[in-house]
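*Asks:* quick one, fold the following:
(chains A and B)
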Amino acid sequence: MINMSLSQQIYRELVNGRVINERSYRSDGSLQPDELYEELFKNYDSYYREHYESIGYQLVLREGFVFIRSLERDEAYSDVAMKIQSLLMVLARGVQECGYEFALLTTHEAGVNDKLLEQIDTEEKQDILRACGLKGGLIDESRKVLEARNIAYRNAKGSLVLTAAGIGFFDEVFGAK
Amino acid sequence: MIVSTDKTLIAMIEKKDVFLDLIDYLDEQQEGGEVPLSFYYERVRRAIQSVEQERDQKRLRQTLDIDNLAHSGLLMEVDRHRSVMVFQPFVIEMFRHFDRSRLRELSSEQLEVLRSDLNNSLKRLQECHILQGDEEFEQVLVVLFERLRNAHARIKQNVLSLQGQADHLSKVVEEQDIADLEQTLKAKKALEEINQIYQKHVLPTLQFLNEREQIKTGFPALTAVEEIATTLQKAGMPSVSQRVLYAKNSIRAYAKDIEAIRKTLERYVRQSARQRHQYDCIESIFNKLRDEVLTLHDGKLNSKYLDSRLDVFNYGKIFAGLKKMRFDARLEWGDINHAQCFDEHLRVALPKLRKNQESELARLDRQNDDRYQQEQLLMRRKQHIQVLMESCEITQDETDVHQHIHGYLTERLDDYALPDLLEGLGWLRSRLDTPLKPRFSLNRIRYQGHCLEYFPLALKGMTHD
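*Replies:* Coordinates of the predicted model:
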């Protein structure tokens, strides 16, 4: 049974290039199950997958997150992906270089605070980000690209933490190598 | 002042933290047993400061003085030129037993020595004449049991040491706050140590205790002991054989403890390997990305961008195709069925046409209604003029009928206009028996901005010409 109201909210999220995660961050500092993800997960095979395919999108359901990709492969097909990849790699490498474990990025209670982000945002890292079309610096671009698309969020302490989508990216990186 | 050895040892045990620090230093350096004199004095000074009474401080200073330690036989060497000292091994070993985590594990080499010793005992036993009271045989037995006791003691100490190390290091890893840099670095170091203990001590100990271990020369340690017991049994010495078997079983019993330690540490070994793998992956991909960016630096100061189709972006490409979808308002018909296209056009256009048609018809209806009403009004006005003209009398001497009717109707008809005059003239003509005769002249009547030019009319018979 499709919940029409949720279905409309899901559409708005997805066509705006945002990811829907299994758990979403609440204002009280907790991570709670996301009702949009639950609606998608329950009716993925029976409705949503085919529905989005019929309007020109591939509905991608991964472990803990969902998004749509266009079936039309134009020149800008991977541009957003490139920006996300470069930001995530710069963040992860920066965290390691500062002596922390990669888990700092993925642990809800920890995260990367602005002070550390500034420390990571060296000339070398800025050079890489600029070459990928990200000219606003690490903090701003993380907000515009990662946070706006639900690939990362800010926890109660204001530190940047990866969502299931961000973790899923690194799972693929670690698995492929 | 010279203090006796037993009192010196008691004082050392009472201040064991000093010596545990020394052990930590020795374990960290891993270079023999040399302790710098400055390091020792610095720890002793701190211990003395923690004592309240001045007399006690003085006594402790004398007791822990290097000369006193040397005199008590607790030091192996004091080299004042190099400013180092070496404690007797038993002193260090004694303090290690106060803290299990500081016990030393057996290395592969030490385990190999134990195994070789037991194999040698087997060889010696097989070579000698096994007979109660035989001097050589008795010597072999003495050495054998000494080696078994030694092996048992070393394995026991090894197990205690590994358990202590495992508890201590796993606690460091478990209790770390990953947002705290200092704790993260400590945990990293702990994981490295765990990995080292696992590879260099736990696995070799398990191999040592495994009776089926494939070894190039000789038997595994416990198999050698089993062979010794069998040899003694065959030689008619069941009680001695039994003692050997008991010793073997007591050593083998530690296999379970070592296995439990292995399982505990294996989790951390995997965690360490996973972290290493993550580190390598991120480092490798980041370096490739950086190298690609460096290729853009051609000295032309052009702000060039990387191409998203480069190989370096092939990893983790799960977000390919993700973007904010923009919609084009223009319809692109492309290669489609034109009949269907026409049908669609008709589907949209026909209702619009019908709607327009209906509104036009409604408008015409409304116009017709207005015209009818106007005609009705006109008709009623004509009838009214007709009625008025019924009573309009024209005398014989009237020379200008138009002027007469104009005056007549002006007085009696509301909204009179010049066309009403002609209407009234028509009704008058139809009523009169005598026709009207025009006169040869042209008169004018001006009224409400209009002008009527006419030939004046009079009743026939009235001629002024």
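*Asks:* okay, now the domains of the chain?
*Replies:* This is for chain A. Per the record, chain A has its domains at A:4-70, A:75-174, by automatic domain parsing.
*Asks:* let me rephrase: I mean chain B.
*Replies:* Using automatic domain parsing, the domain parsing of chain B gives B:5-98, B:102-278, B:337-365, B:393-458.
*Asks:* now for these, which one comes closest to chain A?
*Replies:* domain B:102-278 (4.1 Å; CB to the nearest CB). Using the backbone N, CA and C atoms, a C-beta is placed for each residue, glycine as well.
*Asks:* find the centremost residue of chain A, please.
*Replies:* A:Ile151 (1.5 Å; CA atoms, centre = their mean).
*Asks:* re the thing from before, buried deepest among the domains of chain B, which one?
*Replies:* domain B:102-278 (a mean of 17; mean count of other CB atoms under 10 Å in any protein chain shown).
*Asks:* chain A: helices as residue ranges?
*Replies:* A:4-15, A:35-42, A:49-54, A:79-97, A:103-106, A:114-120, A:123-131, A:137-141, A:164-176 (DSSP state H).
*Asks:* name the helices or strands packed onto the helix or strand containing B:Phe90?
*Replies:* For B:Phe90, the host element (DSSP states H and E) is helix B:89-96. Under the contact definition 3 or more CB pairs under 8 Å, 6 or more residues apart in numbering or on different chains; DSSP states H and E, helix B:89-96 sits against helix B:16-29.
*Asks:* next structured bit after the helix it packs on?
*Replies:* Next in line after helix B:16-29, if elements are assigned by DSSP H and E, sits strand B:34-36.
*Asks:* partners of that next one, with directions?
*Replies:* Sheet pairing for strand B:34-36, assigned by DSSP bridges, gives strand B:84-87 (antiparallel).
*Asks:* now do the same for the closest residue to B:Lys186 other than its chain neighbours: its pLDDT.
*Replies:* Distances taken as CB to CB, 6 or more residues apart in numbering or on different chains place B:Val172 nearest to B:Lys186, at 5.8 Å, with adjacent residues excluded. Here, the pLDDT recorded for B:Val172 equals 90.
*Asks:* state the distance from B:Val172 to B:Lys188.
*Replies:* The gap separating B:Val172 from B:Lys188 is 10 Å, by CB to CB, to the nearest Å.
*Asks:* do the same with B:Ile258
*Replies:* Taking CB to CB, one finds B:Ile258 at 26 Å from B:Lys188.
*Asks:* now A:Asp140
*Replies:* A:Asp140 is 31 Å from B:Lys188, by CB to CB.
*Asks:* just to revisit the earlier point, what's the helix holding B:Phe90 in contact with?
*Replies:* Contact partners of helix B:89-96, identified using CB atoms under 8 Å, 6 or more residues apart in numbering or on different chains, comprise B:12, B:16, B:19-20, B:22-23, B:26, B:33, B:74, B:76, B:102-104, B:161.
*Asks:* now with 6 Å?
*Replies:* With CB atoms under 6 Å, 6 or more residues apart in numbering or on different chains as the test, helix B:89-96 has contacts from B:19, B:23, B:74, B:102-103.
*Asks:* looking at that helix now, give me its mean pLDDT.
*Replies:* The predicted model gives helix B:89-96 an average pLDDT of 85.
*Asks:* over to stretch B:210-229?
*Replies:* 88.
*Asks:* now swap in stretch B:280-295 and tell me
*Replies:* 92.
*Asks:* most tightly packed of the helices of chain A?
*Replies:* Buried most deeply of the helices of chain A, by mean count of other CB under 10 Å, is helix A:79-97, with a mean of 23.
*Asks:* show me what that one is packed up against.
*Replies:* Under the contact criterion of 3 or more CB pairs under 6 Å, 6 or more residues apart in numbering or on different chains; DSSP states H and E, helix A:79-97 touches helix B:254-295.
*Asks:* try 7 Å this time
*Replies:* Helix A:79-97 sits against helix A:103-106, helix A:123-131, helix A:164-176, helix B:254-295, with contacts defined as 3 or more CB pairs under 7 Å, 6 or more residues apart in numbering or on different chains; DSSP states H and E.
*Asks:* among those helices, which is nearest B:Thr8?
*Replies:* Each of those has some distance to B:Thr8 by CB to CB; the shortest is helix B:254-295, at 34.8 Å.
*Asks:* what about chain A, any weak spots by pLDDT?
*Replies:* A:75, A:176-177 (pLDDT under 70).
*Asks:* what does stretch B:43-58 contact?
*Replies:* Applying CB atoms under 7 Å, 6 or more residues apart in numbering or on different chains, the external contacts of stretch B:43-58 come out as B:15, B:18, B:21, B:60-61, B:64.
*Asks:* next one: stretch A:105-112
*Replies:* If you take CB under 7 Å, 6+ apart as the criterion, stretch A:105-112 is touched by A:31, A:91-92, A:95, A:104, A:155, A:157, A:159-162, A:167, B:178-179.
*Asks:* how about the domains of chain B in a markdown table, adding distance to A:Tyr77?
*Replies:* A markdown table is the format used below for those (distance: least, CB to CB, whole Å):
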| stretch | distance to A:Tyr77 |
| --- | --- |
| domain B:5-98 | 55 |
| domain B:102-278 | 28 |
| domain B:337-365 | 30 |
| domain B:393-458 | 81 |
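*Asks:* show the pLDDT at B:Gly334.
*Replies:* On pLDDT, B:Gly334 comes in at 60.
*Asks:* can you give me the angle the helix holding B:Phe90 makes with helix B:16-29?
*Replies:* 110 degrees (axes from the mean of the first three to the mean of the last three CA atoms, to 10 degrees).
*Asks:* distance of the spatially closest residue to B:Phe98 that is not a sequence neighbour relative to B:Glu42?
*Replies:* Nearest residue to B:Phe98, sequence neighbours excluded (CB to CB, 6+ apart): B:Lys16, at 5.6 Å. Distance, B:Lys16 to B:Glu42, using CB to CB: 17 Å.
*Asks:* and B:Cys392, by the same measure?
*Replies:* According to CB to CB, B:Cys392 and B:Glu42 sit 148 Å apart.
*Asks:* A:Tyr77 too?
*Replies:* Distance of A:Tyr77 to B:Glu42, computed by CB to CB: 66 Å.
*Asks:* just want the residue of chain A that's nearest chain B.
*Replies:* For chain A, CB to the nearest CB, closest residue to chain B: A:Arg69, 2.7 Å.
*Asks:* list the beta-bridge partners for that residue.
*Replies:* Counting by DSSP bridges, A:Arg69 is bridged to A:Gln58.
*Asks:* what about it, how many residues nearby?
*Replies:* 22 (other CB atoms under 10 Å in any protein chain shown).
*Asks:* which positions in chain B make contact with chain A?
*Replies:* In this structure, chain B approaches chain A at residues B:178-179, B:181, B:184-185, B:275, B:277-279, B:281-283, B:285-286, B:289-290, B:293, B:296, B:305-306, B:308-309, B:313, B:315-325, judged by CB under 7 Å from any CB of the partner chain.
*Asks:* which of these are buried, as a PyMOL select command?
*Replies:* Buried residues among these (16 or more other CB atoms under 10 Å in any protein chain shown), as a PyMOL selection:
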select buried, chain B and resi 178+179+184+275+278+281+282+285+286+289+290+293+306+308+313+315+316+317+318+319+320+321+322+323
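*Asks:* grab the nearest non-local neighbour of the closest residue to chain A within chain B.
*Replies:* Minimum separation of chain B from chain A (CB to the nearest CB) falls at B:Gly321, amounting to 2.7 Å. Closest residue to B:Gly321 apart from its sequence neighbours, by CB to CB, 6+ apart: A:Arg69 at 2.7 Å.
*Asks:* done for today, thanks.
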